[in-house]
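*Asks:* Sequence and predicted structure below; questions after.
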Amino acid sequence: MYKLHTIRKTGNYVRNGAFLVLFVLVLISCEKLSDNPVDPRDNIVDTWKCVETSQAFGGQTTYSVDVSKDSKDSTKVWLDNFYNLNGFKIYAKISGLNFTIPVQTVDGNVINGSGVVSANYKTINWTYKVNYGSGIDNVTAVYTRY
C-alpha cells in the first residue's frame, strides 16, 4: 500500500509540475511583441530649419539641416549641412531626448557638443563648439520643423 501511495504522490508532483510549466508558458506567450518596434529616431528624421547663433562670427544664420538615420547604428543620426557646412555631414548619438556630438573633424573643423529634443519633437536645442582652425566658435542653434 505504501508503494502505491508513493507512486500516486509522485504522479501528483509530475502533474502539478507540468501544469506549472504550462501556466508559465501561457503567461509568457500572452505578451505581445511588436512586429514593428518603434525607432525613436523616426521622430526626428526630417528637414529642419536651423537658426544658429555664432559667438565667433556674430549674429544669427538661418539654413536647413537634413537629419537621417544611420543604417547600422540604431543610436546614431546624420546631420547634413550642420554648421552650414554645405555638402558635409556630422553624426550625433541619441539617447532618449538627448544628443551627443562626439569629437569629429569635418572639412577641417573639429566639432563636438550636445542637444536636446523637445518632448513633442518640434524643436531641438543645440550647444556646440567648432574649432575652425584660427579659433573656437561657441555656438547655439535651435532647430524647428518647416
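*Replies:* Perfect, thanks for sending it. The shown structure was predicted, so the numbers you read here are calculated from the model rather than taken from an experiment.

*Asks:* contacts, neighbours, all on C-alpha from now
*Replies:* Noted.

*Asks:* Return the residues in contact with residue 140.
*Replies:* Residue 140 is in contact with 52-54, 125-128, counting by Cα atoms under 8 Å, 6 or more residues apart in numbering.

*Asks:* Select from the residues you listed the one having the most neighbours.
*Replies:* Taking other Cα atoms under 10 Å as the neighbour criterion, residue 52 ranks highest of the contacts of residue 140 with 23 neighbours.

*Asks:* Show me what the helix or strand where that one lies packs onto, helices and strands only.
*Replies:* According to DSSP states H and E, residue 52 maps onto strand 46-54. Counting contacts by 3 or more Cα pairs under 8 Å, 6 or more residues apart in numbering; DSSP states H and E, strand 46-54 packs against strand 60-69, strand 136-145.

*Asks:* I'd like the ones you listed as a markdown table, with distance to residue 98 and mean pLDDT appended.
*Replies:* A markdown table is the format used below for the helices and strands packed on strand 46-54 (distance: least, Cα to Cα, whole Å; pLDDT from 0 to 100):
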| stretch | distance to residue 98 | mean pLDDT |
| --- | --- | --- |
| strand 60-69 | 15 | 98 |
| strand 136-145 | 14 | 98 |
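
*Asks:* And the strands in this protein?
*Replies:* All strands of the chain, identified by DSSP state E, fall at 46-54, 60-69, 76-80, 89-95, 98-106, 109-117, 123-131, 136-145.
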